[in-house]
Every structure is written in C-alpha cells, then in structure tokens.
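S.K.: Next one to model:
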Amino acid sequence: MSKEDRTYTYAISQTKYDKWDKTRLTQEISKSPRITQKLESIQQVGLNIEITFYYALIASEQAYLTYLVTTHTGEPVPADTVQLETTQSDNVPVFAQAPRIGSERVIATHNFCDKCSWFGESDRITSDTLVDSGDGLTFTGTHTFWIDVYHGRWLNASYYASQVEHGYKVEVKINGVVATRCPDYSITGGDYWIDFESGSVVFTSSQSGKTVTASYSYAKGSIFVLEPKAGTVLIVEDAETDISCGRPEAATDAAQHVGRGVMKDDIMYSVYGYAMVFVPQDPSTSTFSNLRVLASGNVSLTGEQTVDGVSLVSGDRVGCFSQTQGTEDGIWIVQEDAWVRSDDCPVGLGVAGYVFFVEEGTSAGAGFTFMNASGSDVVGTDDLVTFGCFSPGEKISLQEDKYQNMNQISVEARGAKPVLKAAGAELSELAMEIPEFRRRSRGTYCDIQPLPFAYITSRDLHSAYGMDLRVYLKNNSVFGGYTSTLTFYCTEKAE
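M.R.: Numbers count the residues shown, from 1 in each chain. Down below sits the predicted model:
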C-alpha cells in the first residue's frame, strides 16, 4: 500500500482555533482507543497537516480522526509536573483532599407545566400584526404561548437567551414606534404588559385605530436538550425531579389540590450522537473499507470515468448499487479496462447490516450508508439496496427511555427530600390563577416535592462525538399544575 493511501491531510484552519501543536495532536491520536492503527508520522506541509499511519484506517477510524483534528485546540502540552510521594517514610499513605477536575454546571429543564418556558423548539415571528379585541387595550397575536424570558420561568433563562440573537425577547410597536413594556412583575409603569399564555399585549391606555405589531417567539414542542459546550465533556452525576404537590395544609380538598402537578404524557429521555462515530460501533453492523464515490445510477463497469461529479482513476473504490442488472451490484475497483469486484465484497457475500463511508460525490459524499436487510442481500445474486445515508453532522438516537407514570419515577428515585413549602408570595398573589401568578409574583405558588436520583456510574456526554441528552414529552401534552422540572448536576471539563 502506497504512502498516499495511508496519509490523511487536513488544513490547519480545520482545527478548533486555526493552530496546532505536534506533541499534543500526536498524543491525542496515539492514545485514542478508537484508532487502532499505529501512527507513523505527523508533519506540517505548507498550511496543511499530513498524518500518516503504517496501515490505512477503516471508515470509523478515519471519521474519528477527523473529529480529533477539528476539536484539537493547538495548545501546547503542559510541562512535566513534580511527582509527589504517595507514602510517608513509615509507609503510611499520604491522603489529600482535592477538588474535582472541571467546573460545576447545574442544568434544569424548562417547566413541563408551563408552555411559555418551552424555548427549545420555539419559532420566531417578526412583526406580527396584532388584532384589537375591540376595547383598544388588548391586542392578540397569531400564536399563543409566547416564550417568557422576563419572569424566571426556568433556571438560567438569561444564559439560553444569550445563545440566540433575538434573546427570545418581545418587541411591540405602535404605528412603527417601539413601545415600552411595563417593568417585570408589574402591570403599570409602561405602555403595555404581556399575557404570554394567550399571546396578547395589554396596553395601559387605548390604542384604538392604531397598527400594533409584535415580534416574539412561541412554543411549538417540548424538547429540552442537555449538551456539552464545544471541546468539553459533560458528566451527569446526579439528577432530581421537582413536581408541585398542591397545598396540603389548606382547609378544603379543592384548595389542597391547587397547583398540583398532573402527569399527562410520557416523559422521554433520548441520548443522541454523531452517526459517523456510533454507526460503526454498532455490534449489529460490519464496515466496508471507504468508497471514493457512490454511483446514483447505472454505471458502465469499464475504464476511468466521472461518477457523481468525481473523476475516477484506476484503484478507486466505487459503490454500484443501482445497476440495471441487479447481479452487477456491489463494490467495484476502477481499472483502465474492465473493472473488478473488491476483495471485501465478493460474489456470494451476504451484505445485510454492512455500512460504508463515502468520501466524495455530489449525492452521497462524506457520509455513512447502510445496506439492505437479509434475505435479498447476496452479492452477484440479488438486487442490492442501500438506505440511511448519514452526513458528517447528522445525529442518531443511541438510547431511549421513558417514564409513563409517577409510580415509575418514584420507584427509581432515591427516596424523597423534604417538601419545599410555598414561600415568597403575598396572600393576595396566592389567590391568583397560575398564569397571572407567574407574571406577577416572585414566590412559589404551592408546595414542591423534590425526588433525587443518584447514578452509580456517571453518564458522559462528549462534544467531539456530538452527544446530547434530550428530554421531552412524547405527544407535547403540557402537564397540569404549577411546576414539573428536571435538574441535572454535572461536571464539565475539557475533553
């Protein structure tokens, strides 16, 4: 095998910060458990990095090499540290308390009882013309359940708002002039206040006959995504669910149930990751060596030619799975005359469950492709079918769990913490309906029951693998009551 076939070239600009450090990148590649081939050399040629192995990488190894390069920071390896003694002179072990490596992150979902906090799948509407209800004071938009980033409806709302240009903010204009919103938790002191649930703007003085427009975000789905920041791993160590449990000390049964959380849908947990990283690791699949191109139609199996926009030369591997004669389907090696089948995809091989990586091409370049199911998968006999082409940034579900009722949640919980009593609200505020309370009071509406979970093994989400955890309601059926949230206690550190 020529050196060119086992050398992989990347532009320095492909690294995370447009720089590279030879020692660090060498260590990152050599220590990776996902690259089994031994590294021969690594060097800079012009503005490129050339990485050479003793043998060519398979598709999954090459895909992971790409991730190592694109997440490489270019920071030099720290100088050698002093090795401390682990025992005293009398052989008694030396113990020292040390802080955890990394930084703490507490991440809480939006409130599954409150659609106005469901920012994750919200849509943005610009300059929606609001309709006057007839009194000149209340104007209603096209959509209900506007995202409310002003009243602390979910933890760290300001952080998530900073991640998008519009910040989930509401902007109201009267005849093209920006109006002033009343201060948070107030319905006076400005031109208007917002009823987020109904998607309405309520003015403090009549705007009859005027054109009122609003730009806002509104809830569409219930997905909350827990993901690491770029270049880090997020380690989920503990979790807790908090659900409102009414006002048990109230005088009547009806009052005791006010605000109690009502589970109305399955709670889903799905872990996702890059298909290019995890598809080859699936024990139910086998991996062919990389293809240079995948033909999208019938190909004449002879001579050097252009397929799917790629000029082929002798030795190139081509996937031909759309031949007019299905018995010709398979992987072929380009020749100056008649092509030959590849050694790893011979006549008689059953290819069900195989995947391959396509390097180039306008139709299926830079992605993984699956082969058809068993029963019609024999090379040279059956009309082979490909499906499920994944692009480099595409993610797949790695694991999915669900809770269908509160009993399942309570069984998994590690006991229960003391109930958090309703606090911080005036008695007059506690008489309000929940939507009004959320925009008028800084207190809690009713008692809240925390249920802690402890994982014996941590759950690591690697940004380099595109991993994230998605929590959502299966049918987007909002829970009844005041609050239902999940909190994750995490450690974040560099990968």
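S.K.: Look up the closest residue to Glu104, ignoring the ones flanking it.
M.R.: Thr491 (6.4 Å; Cβ to Cβ, 6 or more residues apart in numbering). In this view, the C-beta of every residue, glycine as well, is placed from N, C-alpha and C.
S.K.: ok, the one you found to Tyr465 distance?
M.R.: Per Cβ to Cβ, to the nearest Å, Thr491 is found 17 Å from Tyr465.
S.K.: Start from the N-terminal end of the stretch 151-300 of the chain and give the helices.
M.R.: Taking DSSP state H, counting those that start in this stretch, the helices of the stretch 151-300 of the chain run over residues 157-162, 253-256, 275-278.
S.K.: What residue in the chain is the furthest from its centre?
M.R.: Here the chain reaches farthest from its C-alpha mean at Asp90, the gap being 52.3 Å by Cα atoms, centre = their mean.
S.K.: Do me a favour and get the end-to-end distance for stretch 417-431?
M.R.: The first residue of stretch 417-431 is 27 Å away from its last residue (Cα to Cα, to the nearest Å).
S.K.: List the buried residues in that stretch.
M.R.: 422, 425, 429-430 (16 or more other Cβ atoms under 10 Å).
S.K.: which residues touch it?
M.R.: For stretch 417-431, contacts defined as Cβ atoms under 8 Å, 6 or more residues apart in numbering pick out 240, 242, 245, 247, 437, 440-452.
S.K.: Am I right that Trp20 sits in a strand?
M.R.: No: assigned with DSSP: H, G, I helix; E, B strand; the rest coil, Trp20 falls outside any strand and is coil.
S.K.: For it, list the residues it contacts.
M.R.: Applying Cβ under 8 Å, 6+ apart, the residues contacting Trp20 are 12, 44, 49, 72, 74.
S.K.: so what's the residue nearest to Glu104 bridging to?
M.R.: According to DSSP bridges, the residues that bridge with Thr491 are Glu104, Ile235.
S.K.: my guess is it contacts Arg105, does it?
M.R.: Yes: contact status for Thr491 versus Arg105: in contact at 7.3 Å, counting by Cβ atoms under 8 Å.
S.K.: any common contacting residues for those two?
M.R.: Leu234.
S.K.: pLDDT-wise, which helix or strand of this protein ranks last?
M.R.: strand 367-371 (a mean of 67; mean pLDDT, DSSP states H and E).
S.K.: which helix is the longest one in this protein?
M.R.: helix 59-70 (DSSP state H).
S.K.: Which residues does that one contact?
M.R.: With Cβ under 8 Å, 6+ apart, helix 59-70 has contacts from 8, 10, 14-16, 25, 28-29, 32, 34-37, 49, 51, 57, 274, 276-277, 279-281, 287-290, 355-357, 368, 392, 464-465.
S.K.: redo that, cut-off 7 Å
M.R.: Contacts of helix 59-70 with the rest of the structure, by Cβ atoms under 7 Å, 6 or more residues apart in numbering, involve 8, 10, 14-16, 28-29, 32, 34-37, 51, 57, 276-277, 280-281, 287, 289-290, 356-357, 464.
S.K.: One more: stretch 306-325?
M.R.: Outside stretch 306-325, the residues touching it (Cβ under 7 Å, 6+ apart) are 289-299, 304-305, 328-336, 342, 356, 358, 360-363, 384-386.
S.K.: Mind checking which of these are buried?
M.R.: Listed as buried from the contacts of stretch 306-325 are 289-296, 299, 328-332, 334, 342, 356, 358, 360-361, 384-386; burial here means 16+ other Cβ under 10 Å.
S.K.: Identify those among these that sit within strands.
M.R.: 293-294, 330-332, 356, 358, 386 (DSSP state E).
S.K.: hmm, back to that, counting neighbours, go ahead and name the busier of Thr491 and Tyr465.
M.R.: Set Thr491 next to Tyr465 and count neighbours by other Cβ atoms under 10 Å: Tyr465 wins out with 23 against 18.
S.K.: what does the model give that one for pLDDT?
M.R.: At Tyr465, the model reports a pLDDT of 89.
S.K.: next one: phi and psi at it?
M.R.: Dihedral pair for Tyr465: phi -100, psi 0, per degrees, to the nearest 10.
S.K.: Would you map the helices across the stretch 301-450 of the chain?
M.R.: Using DSSP H, counting those that start in this stretch, helices in the stretch 301-450 of the chain cover 406-412, 427-430, 434-440.
S.K.: Make CSV from the ones you listed and add mean pLDDT and distance to Lys229 to it.
M.R.: Formatted as CSV, the helices of the stretch 301-450 of the chain follow (pLDDT from 0 to 100; distance: least, Cβ to Cβ, whole Å):
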stretch, mean pLDDT, distance to Lys229
helix 406-412, 89, 28
helix 427-430, 92, 37
helix 434-440, 95, 30
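S.K.: Point out the most buried one among those helices.
M.R.: Most buried of those, by mean neighbour count (mean count of other Cβ atoms under 10 Å): helix 434-440, with a mean of 18.
S.K.: what's next to it, contact-wise?
M.R.: Outside of helix 434-440, the residues within contact range by Cβ under 7 Å, 6+ apart are 114, 151, 153, 185, 196-197, 259, 429, 432, 445, 482.
S.K.: 6 Å instead?
M.R.: 151, 185, 197, 445, 482 (Cβ atoms under 6 Å, 6 or more residues apart in numbering).
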